[in-house]
Structures are given as structure tokens and as C-alpha cells.
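*Asks:* When you get a sec, could you give me coordinates for this:
(chains A, B, C and D)
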Protein chains: 2
Amino acid sequence: MDTETVVASRADALRELETEVGVLIRRIRRVIGERARAVHPDLLPASYLMLSYVRDHGPLRASAMCAVFDIDKGAISRQVQHLIDLGLVDREPDPEDGRATLLSASEDGVRRLEVVADQRRHQLDARLADWPADELHAFAGSLRRYNDALGIPADR
Amino acid sequence: MDTETVVASRADALRELETEVGVLIRRIRRVIGERARAVHPDLLPASYLMLSYVRDHGPLRASAMCAVFDIDKGAISRQVQHLIDLGLVDREPDPEDGRATLLSASEDGVRRLEVVADQRRHQLDARLADWPADELHAFAGSLRRYNDALGIPADR
DNA sequence: CACAGAAAGTTGCCGTCGTCAACCAATCGC
DNA sequence: GCGATTGGTTGACGACGGCAACTTTCTGTG
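*Replies:* Numbers count the residues shown, from 1 in each chain, chains lettered A, B, ... in the order given. Take a look at the predicted model:
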């Protein structure tokens, strides 16, 4: 391949990527919506992701999630409030910093997540059933790398 | 690896994927927003993706985009209207079907997309500069496969 | 010790986006 | 021809995130 062909195929790949990601964004929102509803009928999709993260990453403060999810603190605040209203997350003051609060999944939250995880494990998520674990890992790795790349602000 | 480990790592990979995709959703929106504004200061992010698609896939009807983008026809209608208001897309009645209209990128639309593409090509998109073309293709392929998997409705 | 500023959260306002549903017009099938 | 279907538009609504103003609680420097 000469240089021009390489450049052209790069451009193609990037355009392809844009369209695929665009579709992904909308589809994944629906899927996450389903999953959230499975956990709790009133659980909002965005909150579901945070609940899952809070469960896995122990007591943490909301500002930590701002960084992880790369999201505005106002948005976090609302989602967290929603989770607390539903009783899926507990909030307690941080003993080491009077400004901060620590979030952790409530018993009910953990239990509900487990129920859904079991359901999914048993039916092995019909949609992704034929993806081997290592390919899933590789894909997740690519996604993370892509996300990292996107995290770098454009230099213009 | 025994069976349980495989199952566990599958579950891990799926959770990992969820978080990554969640981050992706927000970041990509910002990036696409930047890109849209580079094309035209008033161009909305979602419309930018459609403009790009219309340019590449010739005159087509709005309903075709519903299928491609997996999106409600009402949403398509609004985005298309927006593109027409900005003069980036032309709409003409389909000679073969009085109900339908055919969309194509206007001269201005094509020109503006090219300007931005040139900019990006010359700076080779700083953020993804170190991704070789074949890896981009592989990633796009995984994304499409993932999208296809998500397109299958959950069987519950 | 005091005081400027930074950090943690909360809240209101706003823009983007997509779904749902009602609706109109044109076309297709029988 | 006439009912059903398809292409498209519009309005109402909800989810979501960004921005900015504001409160409270540190933190650091003089």
C-alpha cells in the first residue's frame, strides 16, 4: 500500500468508527435502560451504571465518580440523589472531611444487582452469548484506549 | 482455567464493557459536538453524523436513515429539517414515489465536510494519531459486531 | 489567628436528544 | 374504489448533561 492508500483507509476507518459509535450510543442506551429497569422499575439508566460502580468500588465520594465517569458534578449529584431515594445507595459523611460524603451500595442495592447478574449469567446474555471472554476483554481494552484517546482535549 | 473462572471473567468483561461504554457515550458526544461545530457553527452533533452519512450514501430517503441509525422517524425528521435550514442538505421529491423525498448533501455541505476532513487529515487527528489503520478497522469491526448483537432484542 | 481561595455538593436553568402518539398525504393491494 | 400501509411532520414528554451561582467546609499563607 502506498502512503495515500494508507491515509485514505485511515480516514475510512475513522468515518466508519463514527457511524458505528453513533449507533452504539443509541442502542446501548436502550439496553442499559432495560437492565436498569430489571434492577428496579424506577431506576434510571445513568444511575444504574453508577450503582454498579459504587458497588464494585467501595465507599467513595461523589467527586471521585465525576472523574471516573467524566461527568459534571451536578449530574452526579442528581443521579446519586435518585439512587438514595430508591434506597439502593447509602450516603454517610466522610469522617475525614466534613465537606465530603461517602457512597456505598445498600444491602438492597447489592441484592438487586445480584439477582439481575444471576439472571444474565444463567441465560449468559443471549445477545453476547457467542463472544468468548478473551475477545470481550480485548474489545473492552480497545474501548478504554479509545476513551483515553478521546479524553485528551483536541489541540485546537 | 476452570469453568467458573471463565464465567467470572466473562462477567467481569461485561461489567467492564458497560462502564467503558458509558464513558464512551459522554466523551464521544463532546467530540462529535466539536467536530459538528467545526463544520458549521450551528450544526447540531446528531445532525453532523447524518450529514456525513448522507454525503457518503448518495440520495436516499429519510426512512432509510431510520433503519441505518436505528432511530425514531420523528427524530430523523427534525435533524433533517435542521440540516436543510442550514443549507447543508438538499431535499427533493422522489420521482418514483410521491410520498417520499430524497436527501443529498448540498454543495456547501460537501465543501464544509471536506474542509474539516482536510484539517483532520493534516493533523492526523491528534487524539488517534498512534492508532494504526488496521487496528482502527478491527476496532470498528468489533463495534459493529457489538452493535449487531445489541440490535437483537433481548428474549424476555 | 484571620482571611483568601479551593474543594465538595446542591440546585435551577437550559439545550440536545430520542420516544410515543396523533396526524396528513400518497400509494398499494385486492 | 377503498382499506391498509408507508413516508413524513409535529407536539408533548422524559432523560441527560453542561454551566453557573451558592453554601459549607477545609487549607494554606501571611
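
*Asks:* From chain B, how far out is the residue in chain A that DNA strand D sits nearest to?
*Replies:* Residue nearest to DNA strand D within chain A: residue A:98 (2.5 Å; C-beta to the nearest atom of the strand). (Each C-beta comes from the backbone N, C-alpha and C, glycine too.) Distance from residue A:98 to chain B, counting by C-beta to the nearest C-beta, to the nearest Å: 30 Å.

*Asks:* mind checking the SS state of that residue?
*Replies:* On the three-state scheme (DSSP: H, G, I helix; E, B strand; the rest coil), residue A:98 is labelled coil.

*Asks:* For it, the count of nearby residues, please.
*Replies:* By the criterion of other C-beta atoms under 10 Å in any protein chain shown, residue A:98 has 8 neighbours.

*Asks:* how about it, phi and psi?
*Replies:* Main-chain torsions, residue A:98, degrees, to the nearest 10: phi -60, psi -20.

*Asks:* got it, and the one 4 residues further on?
*Replies:* Taking degrees, to the nearest 10, you get phi -110, psi 130 for the backbone angles of residue A:102.

*Asks:* ok, the nearest residue to residue A:105 once chain neighbours are set aside - contacts?
*Replies:* Nearest residue to residue A:105, sequence neighbours excluded (C-beta to C-beta, 6 or more residues apart in numbering or on different chains): residue A:55, at 4.0 Å. Remark: with contacts taken as C-beta atoms under 8 Å, 6 or more residues apart in numbering or on different chains, residue A:55 is in contact with A:105, A:109, A:110, A:113.

*Asks:* at 6 Å instead, please
*Replies:* By C-beta atoms under 6 Å, 6 or more residues apart in numbering or on different chains, the contact set of residue A:55 is A:105, A:110, A:113.

*Asks:* repeat for residue A:104
*Replies:* Shown in contact with residue A:104 (C-beta under 6 Å, 6+ apart): A:59, A:90.

*Asks:* if we go to 8 Å?
*Replies:* A:54, A:58, A:59, A:60, A:89, A:90, A:92.

*Asks:* where does it land in three-state SS?
*Replies:* strand.

*Asks:* all helices for chain A, in order.
*Replies:* A:3-39, A:45-56, A:62-69, A:73-85, A:107-122, A:133-151 (DSSP state H).

*Asks:* Report all helices and strands that the third one contacts.
*Replies:* Taking 3 or more C-beta pairs under 8 Å, 6 or more residues apart in numbering or on different chains; DSSP states H and E as contact, the helices and strands that helix A:62-69 lies on are helix A:45-56, helix A:73-85, strand A:101-105, helix B:3-39.

*Asks:* most packed of the ones you listed?
*Replies:* When you average the neighbours per residue for each of those (mean count of other C-beta atoms under 10 Å in any protein chain shown), helix A:45-56 leads with a mean of 22.

*Asks:* so, in contact with DNA strand C or not, that one?
*Replies:* No: Helix A:45-56 is not in contact with DNA strand C by C-beta under 7 Å from any atom of the strand; minimum separation 11.6 Å.
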